[in-house]
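> Quick one, what's the 3D model for this:
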Amino acid sequence: MKLLSCFCLLAAAILWADEPLTPLGQAFEINTPWKAQAGDDLRRAQPDFDDSSWLGEKALPVQNGLVWYRMTVRIPDVPSPLGLWIPHVLKSAEFFVNGQKIGNHGSLEKWYLERRDLVDPLRLPSNLHSGDLLHIAVRVNRTISGPGIAGKPVIGSWHAVSAEHKLELMRTYRDSIVSIFMSIIVFGTVFLALVFWQGKQDRVEALWVALILLAYLFGDIEAFRGLGLLQGWTLLSGSALVVSLWGAWRLFNGSPSLPWKKQAPYLAMLGALFLISFLGRFELIAWNYVVISLSIANLLMLIRNGIDAWRRGRNGEIWVLWFFAGYLLATMGALIFYASIIQRLLKQSQIGVGGTWSLIEDPFRLDLRNVGEMISGAIMVGILARRLYLLLQEKQMLAAELEAARQVQDLLLPDSDIATPGFFVESSYLPARQVGGDFYFVEALSGGRLLVVVGDVSGKGLRAAMLVSVVVGILRTATASSAAAVLKALNAGLVGHTGGGFVTACSLIFEADGSASIANAGHCPVYRDGKEIEMQPNLPLGVVAEASFDQVEAEPGRFVLLSDGVVEAENPRRELFGFDRTQTMSTLPAAQLAEAARAWGQNDDITVVTICPQGRTSNSTDRTEI
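Model (predicted):
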């Protein structure tokens, strides 16, 4: 029985081979060959137009511009309404039957804005019936790089033709499912590579891996045609090949930096292909020679990259060899694809599109390029995932070190229970990072005096915090004979030990009656009872060994010392907190002033210290005696 069924199917195929129509239920596949003619003349759409001198579909030379296709067929015996479907148009087209326009696919002028998916089925005019002679004419905007139309037309009842269109659309989705799935993996791999490179920018191979995979993704952009891809995006496919060649060469070469002279040929090829694609000047070149040149370049670069990968593998970089294994298959798939294009161009074929050799056709299509991308993607996902894990561990160790540094810095700052007889001292310290570069120092001196120093180390983070520890160590051993002497001792200890940075500081020594001597080394001004104390400017600490520091005397009052993180706070409108606002708010408690600056827009460490003699009225409502 099975043998009889096979014989019947074979006999039917032989009988229908020369028939103009192949039945598909109530729809029929048209076997009549197209006739084609270059140029443009709307009279070609008329049913009585003489096309006897036109060339066959495979005899028309490859060229760019408008081309007309014609065929004549008799409408089969099917119920109305009637439909016609021409599956594929490479760029854009207008469709006519018996001289009447029945639809279009995109715009002849702006073809790049049309979707890349299948042409929609066309409904035939209601005055046509079964048995009528149908003259089909198609006005196509063709390109030298491919055919104008592809696929056998289908005619029949509207519902049957629409069903054939939906079936072919499902086949397109099926054929694209592997490429779409791979694209998701590639996007994930590219993301991991860029995250790793961002976290450790000295590993430039991660950036080149991302570039190669992204280029291959755009090179296979045709897979997204069923998802509404615009025709213009396909212009990136050729450019993506050059990008992948250039990126692969950089990766397998292993050199962190390459002279521009060596990169010039690849950059020139990339620029030329971009210009050709986006300017649409295909008529200026012999496209088949360009395809052949790109294929040869791809093959030569494959050999060169293989040698470089082997060299790096022998030097211990085994991951490069594993990645090259996938790259090899993907590149071979691309070579087969371009070989099919070359074969079609040499035969001057106008119908049909090139493709790569498929390993699996059903239930989905899988080719060498897909397999290569899978291997490359899987290898890089594994490698990058491991490196991201190690990078995360490294960041966790750094975070632990920063936390330890913060705890050490907390020990360096004054305790809340330090004795300052005769004075109220309030402080607020808000580092911009886990550890900061601001510092303040409070120490009770003999005779009821009090030393207060507030300063700022240039820079931020761990390096600044380490310099703060040096400053506090010097303060704890310095002799506080005067405010200027304290700064001079700090300067002597810091010169040559700041790593190219500097330290600003303001030193105050309070007498038992509340008066103060003040010395300033490039730091923010001191405020007394809401007014700025005028002083001569001095150099910061650690810059010049022989620096001297002026000193002024101030009457008793409520003193406010702060860091530049207050005045330099910046809101989203790029407005600074500023000196005027700081002076106006200097009568507030330390915590309120610091919080106001933080809320305005903190971008640096914020430190505020207020000192007021006991028994003197203070504006602070939450002051603490320490």
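> tell me which residues in stretch 500-514 are buried?
G501, F502, V503, T504, A505, C506, S507, L508, I509, F510, E511, G514 (16 or more other Cβ atoms under 10 Å). The way it works is simple: take the backbone N, C-alpha and C, and place the C-beta from them, glycine included.
> Can you name the next helix or strand after whatever helix or strand G565 lives in?
Per DSSP states H and E, G565 falls inside helix 564-567. Using DSSP H and E, the helix or strand that directly follows helix 564-567 along the chain is helix 578-584.
> Now that next one: buried residues?
Neighbour-count burial for helix 578-584 [16+ other Cβ under 10 Å]: R581, T582, Q583.
> residue contacts, the last one?
The contact partners of Q583, taken as Cβ atoms under 8 Å, 6 or more residues apart in numbering, are Y527, G530, K531, E532.
> quick one: contacts for the first one?
To tie it back to what came earlier, the one meant is Y527. I533, F559, V560, T582, Q583, S586.
> Pick the one among these closest to M301.
T582 (62.4 Å; Cβ to Cβ).
> Tell me, please, where in the stretch 1-150 of the chain the pLDDT is lower than the cut-off.
Counting by pLDDT under 70, the stretch 1-150 of the chain has low-confidence residues at 1-24, 57-64, 108-117, 142-148.
> before we move on, back to that, select from the contacts of Q583 the one having the most neighbours.
Ranked by the number of neighbours (other Cβ atoms under 10 Å), the contacts of Q583 place Y527 first, at 22 neighbours.
> Mind pulling the model confidence for that one?
Note on Y527: pLDDT of 95.
> again with F549
91.
> same thing with D417?
So D417 comes in at 56 (pLDDT).
> Show me the domain layout of the chain.
21-165, 174-392, 413-613 (automatic domain parsing).
> Format these as a markdown table; extra columns: distance to E403.
Converted to a markdown table, the domains of the chain look like this (distance: least, Cβ to Cβ, whole Å):
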| stretch | distance to E403 |
| --- | --- |
| domain 21-165 | 54 |
| domain 174-392 | 16 |
| domain 413-613 | 7 |
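> Go through the ones you listed and name the closest to L398.
domain 413-613 (8.5 Å).
> among the buried residues of stretch 500-514, which are in strands?
V503, T504, A505, C506, S507, L508, I509, F510 (DSSP state E).
> Turn the contacts of Q583 into CSV, columns for secondary structure.
Output for the contacts of Q583, formatted as CSV (DSSP: H, G, I helix; E, B strand; the rest coil):
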residue, secondary structure
Y527, strand
G530, coil
K531, strand
E532, strand
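> which pair in those spans the largest distance?
Spatially, the most separated pair among those is G530 and E532, at 9.0 Å (Cβ to Cβ).
> The stretch 301-450 of the chain: strands as residue ranges?
Remark: strands assigned in the stretch 301-450 of the chain by DSSP state E, counting those that start in this stretch are 358-360, 366-367, 423-430, 438-444, 450-457.
> rewinding a little: least reliable of the domains of the chain by average pLDDT, please.
domain 174-392 (a mean of 66).
> Endpoint to endpoint, it covers what distance?
For domain 174-392, the separation between the terminal residues is 39 Å (Cα to Cα, to the nearest Å).
> what's the answer for stretch 437-449, then?
The first-to-last residue distance of stretch 437-449 comes to 27 Å (Cα to Cα).
> Name the residues of that stretch that come out as buried.
G437, D438, F439, Y440, F441, V442, E443, R449.
> and the second one, what does it touch?
Contact analysis of D438 by Cβ under 8 Å, 6+ apart lists Y429, P431, V454, G455, D456, V457, V468, S563, G565, D605, I606, T607.
> Just the CA trace of stretch 72-88, in PDB.
The C-alpha trace of stretch 72-88 is given here as PDB (Å, rounded to 0.1, in the frame of the first residue of the first chain):
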ATOM      1  CA  THR A  72      -0.300  35.300 -18.100                       C
ATOM      2  CA  VAL A  73      -2.400  32.600 -16.500                       C
ATOM      3  CA  ARG A  74      -6.000  31.400 -16.600                       C
ATOM      4  CA  ILE A  75      -7.900  31.700 -13.300                       C
ATOM      5  CA  PRO A  76      -8.600  28.200 -12.000                       C
ATOM      6  CA  ASP A  77     -12.100  26.900 -11.100                       C
ATOM      7  CA  VAL A  78     -12.400  28.100  -7.500                       C
ATOM      8  CA  PRO A  79     -15.100  30.000  -5.600                       C
ATOM      9  CA  SER A  80     -15.000  33.800  -5.200                       C
ATOM     10  CA  PRO A  81     -13.600  36.000  -3.800                       C
ATOM     11  CA  LEU A  82     -10.300  35.500  -5.500                       C
ATOM     12  CA  GLY A  83      -6.800  36.100  -4.300                       C
ATOM     13  CA  LEU A  84      -3.200  36.300  -5.600                       C
ATOM     14  CA  TRP A  85       0.000  36.000  -3.600                       C
ATOM     15  CA  ILE A  86       3.500  36.700  -4.800                       C
ATOM     16  CA  PRO A  87       5.600  35.600  -1.800                       C
ATOM     17  CA  HIS A  88       8.800  37.600  -1.800                       C
END
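> Quick one: neighbours of L82, just the number.
25.
> can you pull the contacts of it?
I75, R123, L124, L128, H129, I155, G156, S157, W158.
> Could you do V78 as well?
Neighbouring residues of V78 by Cβ under 8 Å, 6+ apart: Q26, A27, F28, S130, G156, S157, A160.
> From S176, how far out is N603?
Taking Cβ to Cβ, to the nearest Å as the measure, N603 falls 49 Å from S176.
> The two - which one has more neighbours?
Between N603 and S176, S176 has the larger neighbour count (other Cβ under 10 Å), namely 20 against 12.
> Isn't P121 up against P87?
No - assessed by Cβ atoms under 8 Å, P121 is found out of contact with P87, at 9.6 Å.
> what's the overlap in contacts for these two?
Residues touching both P121 and P87 (Cβ under 8 Å, 6+ apart) are H165.
> Compare the two (neighbour count), which wins?
Taking other Cβ under 10 Å, P121 and P87 do not tie; P121 has more neighbours (21 against 18).
> Distance of the more buried one relative to W68?
21 Å.
> cool, E394 as well?
Taken as Cβ to Cβ, the span from E394 to W68 is 66 Å.
> Of the two, give the one with the bigger neighbour count.
Legend: neighbour count by other Cβ under 10 Å for E394 and W68, higher for W68 (25 against 12).
> That one touches R139, doesn't it?
Yes - with contacts counted by Cβ under 8 Å, W68 reaches R139, the gap being 5.7 Å.
> shared neighbours, the two?
D40, R44.
> so who does L561 touch?
Here L561 is in contact with Y440, V452, V454, C506, L508, C524, V526, V608, V609, T610, I611 (Cβ under 8 Å, 6+ apart).
> nearest spatial neighbour of it, skipping sequence neighbours?
Residue nearest to L561 in three dimensions, not counting chain neighbours: V454, with 4.1 Å by Cβ to Cβ, 6 or more residues apart in numbering.
> what residues are up against the one you found?
With Cβ under 8 Å, 6+ apart, V454 has these contacts: D438, F439, Y440, F441, A505, C506, H523, L561, L562, S563, T607, V609.
> now swap in D77 and tell me
D77 neighbours (Cβ under 8 Å, 6+ apart): S130, G131.
> For it, grab phi and psi.
Backbone dihedrals for D77, given as degrees, to the nearest 10, come out at phi -80, psi 90.
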